[in-house]
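A.B. asks: whatever this is, show me its structure:
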Amino acid sequence: MKYPFLIGTALVAASLAAVPAMAQDAATSSETTSDEARPTPIVVTANRQPTPITQVGQSVSVVTREDIDRIQPIAATDMLARLPGVSVSSSGGFGQPSSVFIRGADNAQSLVLIDGVRINDPGDVGGGFDFGALTIGQFDRIEVVRGSSGVLWGSRAIGGVINFITQRPTDEWHARAQAEYGWRNSRQVGGSASGKVGPVGLTLGGNWLKSDGYSAFDERLGGKEKDGYESKSANARAEVELVSGLTVDAGGYWTKANYGYDNTGADALNEGLKRDALGYANLRYVGLDGKLNARLGYGLTDSHRISDDAVYGPYTTNGRTERFEGQVSYAPIEQASVLLGAETEKQKFSDNYGSRDSTSLDSVFANLTVRPLQSLTLNGGVRYDDHADFGDKTTFAANGAWVLGSGVNGIVIRASYGEGFKAPSLYQLYTNGGYRALKPETSKGWDLGADIPFALGQGHFTVTVFDRKTKNLIDYDYAEYNYYNVGRARSKGLELGMQVADWQGFDLNLAYTYLEATNEDTGAQLARRPKNNFTASLDRAIKVNEFGGLKLGADLRVGGGRYDDAANAYWLDGSVVVNVRAAMAVTRNVEVYGRIENLFDEHYEVVRRYGTPGRGAYAGVRVKM
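C.D. replies: Residues are numbered from 1 along each chain as shown. Sure thing, here's the model as predicted:
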């Protein structure tokens, strides 16, 4: 694939050319609804409290349960890879190490949350989160904030924040379940339910996935031994109002995955295990007619990893993070509010080779929001971090959103500036081959964009330019077998997106990213970051029975080429992958579905010598109540 940029640009241009006609047709369609029928979406992750998306100054993408059902993904990365500014790199199939890069930021430079609780692993190489074994079935919603969010969310939020949100209990019980079978003997069963038992709101969910898999070492290079996998996960949440305005909630998430993996250049009978668990509890108060909101929270994340090499034996790591945090927001008038918060965190790391240590981080932050005009929202914040090993650091952020026009046709102009700070991980410090002199990473970044609605709010076109400079980026030297600091790194580029929801039965999604992510000391491109990335999907709903009928869809993913290493010695060509899918409602509550992934059996690599899935077919059934 030599021309991903040209193909992506041509498809975006062709889609944009259709925008005026779509808007005109939708405006006269009898199926369109009023402004009141389409309330402004509310997001939580960007400002750490519920905020209308038109008042958010950062670039945000929201994935809903309807999106997940329509696309039929298995892994969380299948949904993330469809968003502007996001690329994914996996060393083989499910269970294998998988990284997510937001605007070229390292995987460990993005904060990952489940229900607002950090799940980044202190035992991970960079203190990041390995997405390789995370299934998507238990989640109702994903919010992705692009750009530095370090002032509100702290260390590891240099690239952005990804928040996976489970189903929330309501007064009435709701439940869903699905079962699926497909390629390489893949089997999956999952479900969730939420509702109330007396005054207590409950959410329960679980998922099981097992497959024979395929060789992590590229089968087209001679890999024959299949690397299968099995994943189990569960989540729970309970909440109750103690007295008027005072509520308590607690919950947790647990996942365990067993998988086979290979060496870089050959089959191997290696076995791996990943286990992640988190628990949380919050005490929340709302008073003064909603003007005052306060929360005290506790969170615990615990991880366990085993990489059992068939020759050298097992390597085991354990990571543990314990956090206490509190925040209070007060809005004395409608035009202004202030958010204050404090956090303390302790991390522990150990392995079976004698590495054992811990560190702590104490932080305070403040954010002021003002609305001098009804259409203009401005935010400014400051954060002070005190790291036990690397001292103190003060960071700043500012952003704004300006709505031009009114109702569903209002154009939103967004701009943001953010700074970040991230200390080396315990893994990097204490497994670093004797080289310890690592410095913390710091960053400064900005972006500017617009959200342009059309088709009476049923469609949105987004365009954003961004630029982030990082000092002391931590990378790995494969020649010297240790970690080192890159003096200066820079990521800049352009994001384009288009979403059309239920326009005369059609759903359309386009995302294109142009990225220049470079080591400015050497001029080399940062490893595994494609310069061009384009995804498109088109779905059509056809009413053929009283229950809704038939849904048809297709995806196109054009992945640009990338270098596999920091020295830019190994180049991996780009790829073009096509997926198709269908779903059919057979009763009001039951739907059957199926899909073919990689329809044309494209051969490609995103990590050198590691394989990617060939053509595969899947079928399943969903039940909702």
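
A.B. asks: only C-alpha atoms for contact and neighbour calcs from this point on.
C.D. replies: OK.

A.B. asks: who's residue 416 bridged to?
C.D. replies: residue 399, residue 447 (DSSP bridges).

A.B. asks: just checking, it touches residue 399?
C.D. replies: Yes - using CA atoms under 8 Å, residue 416 makes contact with residue 399 at a distance of 3.9 Å.

A.B. asks: touching both of these two, which residues are there?
C.D. replies: 57-58 (CA atoms under 8 Å, 6 or more residues apart in numbering).

A.B. asks: for the two, indicate the residue with more neighbours.
C.D. replies: Per other CA atoms under 10 Å, whichever of residue 416 and residue 399 has more neighbours is residue 416, with 25 against 21.

A.B. asks: residues in contact with that one?
C.D. replies: Counting by CA under 8 Å, 6+ apart, residue 416 has contacts 57-58, 397-400, 446-448.

A.B. asks: pLDDT score assigned to it?
C.D. replies: Residue 416 carries a pLDDT value of 97.

A.B. asks: distance of it from residue 402?
C.D. replies: Distance, residue 416 to residue 402, by CA to CA, to the nearest Å: 12 Å.

A.B. asks: one step back: for the contacts of residue 416, pick the one with the most neighbours.
C.D. replies: residue 58 (29 neighbours).

A.B. asks: helix, strand or coil: sort out residue 456 for me.
C.D. replies: Three-state assignment for residue 456 (DSSP: H, G, I helix; E, B strand; the rest coil): coil.

A.B. asks: and for residue 78?
C.D. replies: helix.

A.B. asks: between the contacts of residue 416, which is nearest residue 165?
C.D. replies: Using CA to CA, residue 58 is the member of these that lies nearest residue 165, at 19.4 Å.

A.B. asks: for that closest one, list the residues it contacts.
C.D. replies: So residue 58 contacts 46, 145-147, 399-400, 414-416 (CA under 8 Å, 6+ apart).

A.B. asks: can you map out the strands along the stretch 401-550 of the chain?
C.D. replies: 411-422, 441-454, 459-477, 482-503, 506-519, 532-542, 550-559 (DSSP state E, counting those that start in this stretch).

A.B. asks: in CSV, list those strands along with distance to residue 305.
C.D. replies: As requested, those are exported to CSV (distance: least, CA to CA, whole Å):
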stretch, distance to residue 305
strand 411-422, 23
strand 441-454, 26
strand 459-477, 20
strand 482-503, 21
strand 506-519, 30
strand 532-542, 32
strand 550-559, 31
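
A.B. asks: nearest to residue 170, of the ones you listed?
C.D. replies: Closest among the strands of the stretch 401-550 of the chain, using CA to CA: strand 482-503, at 25.2 Å.

A.B. asks: from residue 229, how far out is the most centrally placed residue in the chain?
C.D. replies: Centroid check for the chain by CA atoms, centre = their mean gives residue 162 as the closest residue, at 4.0 Å. Distance of residue 162 to residue 229, computed by CA to CA: 25 Å.

A.B. asks: kindly report the same for residue 112.
C.D. replies: From residue 112 over to residue 229 (counting by CA to CA), the distance is 23 Å.

A.B. asks: ok, now residue 370?
C.D. replies: Counting by CA to CA - residue 370 and residue 229 are separated by 50 Å.

A.B. asks: quick one: which of the two has more around it?
C.D. replies: Neighbours per residue (other CA under 10 Å) separate residue 370 from residue 229, with residue 229 holding more: 25 against 18.

A.B. asks: what secondary structure does the more buried one sit in?
C.D. replies: strand.

A.B. asks: beta partners for it?
C.D. replies: With DSSP bridges as the rule, residue 229 is bridged to residue 211, residue 259.

A.B. asks: now swap in residue 489 and tell me
C.D. replies: Bridge pairing for residue 489 - DSSP bridges - gives residue 470, residue 519.

A.B. asks: go on, residue 622?
C.D. replies: residue 178, residue 591.

A.B. asks: is it in contact with residue 591, as I believe?
C.D. replies: Yes - in this structure, residue 622 is within contact of residue 591 by CA under 8 Å, at 5.1 Å.

A.B. asks: which one is residue 214 nearest to, not counting chain neighbours?
C.D. replies: Nearest residue to residue 214, sequence neighbours excluded (CA to CA, 6 or more residues apart in numbering): residue 226, at 4.4 Å.

A.B. asks: what about that neighbour, how many residues close to it?
C.D. replies: 21.

A.B. asks: same thing with residue 468?
C.D. replies: 25.

A.B. asks: ok, it touching residue 444?
C.D. replies: Yes - using CA under 8 Å, residue 468 is in contact with residue 444, at 5.7 Å.

A.B. asks: now for the two: what residues contact both?
C.D. replies: Common neighbours of residue 468 and residue 444 (CA under 8 Å, 6+ apart) do not exist.

A.B. asks: residue 495 and residue 385: what is the separation?
C.D. replies: Distance from residue 495 to residue 385, by CA to CA: 31 Å.

A.B. asks: so how far is residue 518 from residue 524?
C.D. replies: In terms of CA to CA, residue 524 sits 6 Å off from residue 518.

A.B. asks: and residue 344, what element?
C.D. replies: strand 336-351 (DSSP states H and E).

A.B. asks: just give me the neighbour total for the closest residue in space to residue 221 that isn't next to it in sequence.
C.D. replies: Among residues not flanking residue 221 along the chain, residue 609 sits closest, at 7.6 Å (CA to CA, 6+ apart). Residues lying near residue 609 (other CA under 10 Å) number 22.

A.B. asks: quick one: pLDDT of residue 609?
C.D. replies: Reading off the model, residue 609 has pLDDT 94.

A.B. asks: so where's the stretch 201-350 of the chain uncertain?
C.D. replies: In the prediction, the stretch 201-350 of the chain carries no residues with pLDDT under 70.

A.B. asks: now the strands for it?
C.D. replies: Under DSSP E, counting those that start in this stretch, the stretch 201-350 of the chain gives strands at 227-243, 246-263, 266-287, 292-309, 313-333, 336-351.
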